[in-house]
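Engineer: Fold the following and give me the result.
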Amino acid sequence: MAELQYNLIDDWEKKEVDLPALEEALEQGSSDRYSGKVFHDIAAKWKKYKKRGISNLYLLKEAEDEGLACAYYAYSITNGVIEEAQLENLRALCAEKLSTGEMRASASFCKASEWWDTNPTYLTKLVEKGEADRLYEYLSAQLFPQGIVLTSLSAKMNAKEELACSAIAWGLKEGGFFKKGAYMSRAIDNRYL
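Structural biologist: The predicted model follows:
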């Protein structure tokens, strides 16, 4: 197993996100602060969800495993903000309990530039049935009633800057059989914020 490393992303820092301006950019195509093709591309799928929103995206933990950079994040489906004290607790828990192997297993195919899903209701049922075996599942079950959803992303180490994301667009998949109840989300790279 690879040695756990922190600060994989050079000069990564959480950017301040103007949530109303970001929402306007996705709803209208641009805003005074945010514009460009990336927002049109994200909005094309985002607008298909009846229940949708945007949030700050908070890095919980990052690690490298055999040339793959993996990151766990949290976001809010209520007001787009997670309190700093809660983030500190989550980061401390992940630092202590979250293994590099689990991070790779959860994130290995999830590119930051694509839409991915998390289904907190399904993960909660796994926990309730005693079938959960990953911290991701337990945390999802614990945080979802508070309006917090987790997501995991990865990139090859030579493209690790793609994981420097400070905002996310999300939508709830309410209908259909496949992925019903999942929160579909697309991280927004700091380069565009």
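Engineer: Of all the residues in the helix-or-strand element of the chain with minimal mean pLDDT, which ones are buried?
Structural biologist: Least confident helix or strand of the chain, by mean pLDDT, DSSP states H and E, is helix 100-107 with a mean of 84. Applying a neighbour-count criterion of 16 or more other C-beta atoms under 10 Å, one finds 100, 102-104, 106-107 buried in helix 100-107. From N, CA and C alone the C-beta is placed, and that goes for glycine too.
Engineer: now for that helix, which elements pack on it?
Structural biologist: Helix 100-107 is packed against strand 52-65, strand 68-76, helix 135-143, strand 148-156, with contacts defined by 3 or more C-beta pairs under 8 Å, 6 or more residues apart in numbering; DSSP states H and E.
Engineer: The helix or strand containing A169 to strand 148-156, inter-axis angle?
Structural biologist: Under the criterion of DSSP states H and E, A169 resides in strand 165-172. Relative orientation of strand 165-172 versus strand 148-156 (axes from the mean of the first three to the mean of the last three C-alpha atoms, to 10 degrees): 120 degrees.
Engineer: which strands and helices sit next to strand 165-172?
Structural biologist: Against strand 165-172 (3+ C-beta pairs under 8 Å, 6+ apart) you get helix 19-28, helix 37-46, strand 52-65, strand 68-76, strand 148-156, strand 183-189.
Engineer: strand partners of it, parallel vs antiparallel please.
Structural biologist: When sheet partners are counted by DSSP bridges, strand 165-172 sits next to strand 52-65 (antiparallel), strand 183-189 (antiparallel).
Engineer: Where is the longest helix in the protein?
Structural biologist: helix 84-97 (DSSP state H).
Engineer: contacting residues around it?
Structural biologist: The contact list for helix 84-97 (C-beta atoms under 8 Å, 6 or more residues apart in numbering) reads 58, 60-61, 72, 74, 135, 139, 143.
Engineer: so what's the residue nearest the centre of the chain bridging to?
Structural biologist: With distances taken as C-alpha atoms, centre = their mean, the residue of the chain nearest its centroid is T151 (3.7 Å). With DSSP bridges as the criterion, T151 is bridged to Y73.
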